[in-house]
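Q: predicted model, plus sequence, below.
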Amino acid sequence: MKILANDGISQAGIDKLAANGFEVITNNVPQDELVDYINENQVVGLLVRSATKVRKDIIDNCSSLKFIGRGGVGMDNIDVEYARSKGITVQNTPAASSQSVAELVMGQLFSISRFTFDSSKQMPSEGADNFKQLKKKYAKGVELRGKTLGIIGFGRIGRSLASYALGCGMNVIAYDKFEFDSTVSLSIAGQTLKASVKKVAFDELLLSSDYISLHVPKQEDGSAVLGAKELNSLKDGARIVNAARGGVIDEDALLDALSSNKIAYVALDVFENEPTPRKDLLENDKIASTPHIGAATIEAQERIGLELAEKIIETLK
Ligand code: NAD
């Protein structure tokens, strides 16, 4: 039985599948050739991350397909309900990458507080000739300890981020659309401690956060969670991280709020128009950007590969 891992899979996942009699193909087949490739090779399982789209055309025209796996959380690139209605099993690996995304966000919080994202771009060309000027340019860094981090969306990643931020001495407040448990576990030096974040209303979070990090899925109606109105109600000089999904912040409103200095700095791992994000975002010197790498750690990819392999074995064997 052939499994096509079109956006890649960890070696651990390949090994586990091979040991259970599956053949894993790791070719990256172009989107418009997928239907033919799946049919010619009688692929039973198609594994994707966020790049490959699994829409009606594939579901309707590939009768060999029995399993679609998404390495990661968001399944907006798959017509999930339609596939399930056709008897295809669709699974993701929701928990495997939470910690990796949370760690990237911590890195972004530090980076937009100390301008390392910008200074590391300037140093190669300017560092030797204008060291003192650069030192002055980046002299107004701020500390995370004691600052308020507002987390919007308190699911797996939001909770994981809270544990890191609490560990750094931040004051963490959180808002979620649904009722949630505000207790978070922190593992420190072999001990597990329990701490609570403060639950707040959405408006209160916007008003009182020094930093905001979004951890919500793409909204079903496509609306932005932070649009012009919400950005205008933030504390002056707030800093924002979006490692959730492009579109949960309105990109035009974000640029306006940066140019008016309403918000100070932003870190984006996700963009509305992936994989061709707009250049004015990428070139803005108040935006730290990464190419959607929240889950891209060796550890998370290994967990994802193994979890997908287990789900395939359970479903197809
Ligand atoms: P999750 O389902 O555990 O948590 C999402 C939370 O958001 C839920 O508690 C939900 O109630 C809440 N929510 C939804 N809409 C909301 C709104 N408008 N306001 C407030 N709360 C709202 O999901 P998760 O595992 O924490 O992942 C969150 C998102 O992170 C995913 O949907 C995915 O889009 C994104 N993600 C990004 C990367 C990356 O590489 N950057 C990797 C993994 C996941």
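A: Good, I have the coordinates. Residues are numbered from 1 along each chain as shown.
Q: make it CA atoms for all contacts and neighbour counts henceforth
A: Will do.
Q: surely S233 and L205 touch.
A: No: at 10.0 Å, S233 and L205 do not qualify as touching, with contact defined as CA atoms under 8 Å.
Q: and E283, how many neighbours?
A: By the other CA atoms under 10 Å criterion, the neighbourhood of E283 contains 11 residues.
Q: thinking again about what came up before, neighbour count winner among S233 and L205?
A: Applying other CA under 10 Å to S233 and L205 shows that L205 carries more neighbours, namely 25 against 15.
Q: in the helix or strand hosting the more buried one, what's buried?
A: If you go by DSSP states H and E, L205 is part of helix 202-208. For helix 202-208, burial by neighbour count (16 or more other CA atoms under 10 Å) applies to F202, E204, L205, L206, L207, S208.
Q: once you drop chain neighbours, what's closest to the fourth one?
A: If I follow you right, that is L206. Once flanking residues are discounted, L206 sits nearest to L234: 5.0 Å by CA to CA, 6 or more residues apart in numbering.
Q: sorry, back to before: rounded mean pLDDT for the helix holding L205, please.
A: Averaging pLDDT along helix 202-208 gives 98.
Q: residues contacting it, please?
A: Residues outside helix 202-208 that contact it (CA atoms under 8 Å, 6 or more residues apart in numbering): T148, G150, I173, A174, Y175, I212, E230, L231, S233, L234, K235.
Q: returning to that earlier point: list just the nearest of the buried residues of helix 202-208 to I78.
A: F202 (30.0 Å; CA to CA).
Q: from A128, how far out is K135?
A: 12 Å (CA to CA, to the nearest Å).
Q: who has more neighbours, the two?
A: Using other CA under 10 Å, the more surrounded residue of K135 and A128 is K135, with 12 against 9.
Q: just the CA trace of the helix holding L205, in CSV.
A: Listed next in CSV are the C-alpha coordinates belonging to helix 202-208 (Å, rounded to 0.1, in the frame of the first residue of the first chain):
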residue,chain,number,x,y,z
PHE,A,202,-11.8,40.5,24.8
ASP,A,203,-12.0,44.3,25.3
GLU,A,204,-10.1,44.2,28.5
LEU,A,205,-7.4,42.1,26.9
LEU,A,206,-7.0,44.6,24.1
LEU,A,207,-6.8,47.5,26.6
SER,A,208,-4.4,46.1,29.1
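Q: average pLDDT for the lengthiest helix in the chain?
A: If each helix of the chain is counted by residues according to DSSP state H, the longest one is helix 298-316. In this model, helix 298-316 carries a mean pLDDT of 96.
Q: re earlier: just the buried ones from the contacts of helix 202-208, in ChimeraX syntax?
A: Restricted to buried positions by 16+ other CA under 10 Å, the ChimeraX selection for those reads:
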select :148,150,173,174,175,212,230,231,234,235
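Q: from the contacts of helix 202-208, which land in strands?
A: Those of the contacts of helix 202-208 mapping onto strands are T148, G150, I173, A174, Y175, I212, per DSSP state E.
Q: before we move on, back to that, turn the buried residues of helix 202-208 into CSV, including distance to S113.
A: Shown next, in CSV, are the buried residues of helix 202-208 (distance: CA to CA, whole Å):
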residue, distance to S113
F202, 24
E204, 23
L205, 20
L206, 19
L207, 19
S208, 18
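Q: show me which of the residues you listed is closest to the ligand.
A: F202 (7.8 Å; CA to the nearest ligand atom).
Q: state the distance from that closest one to N232.
A: In terms of CA to CA, F202 sits 14 Å off from N232.
Q: same thing with I263?
A: From I263 to N232 the distance is 9 Å (CA to CA).
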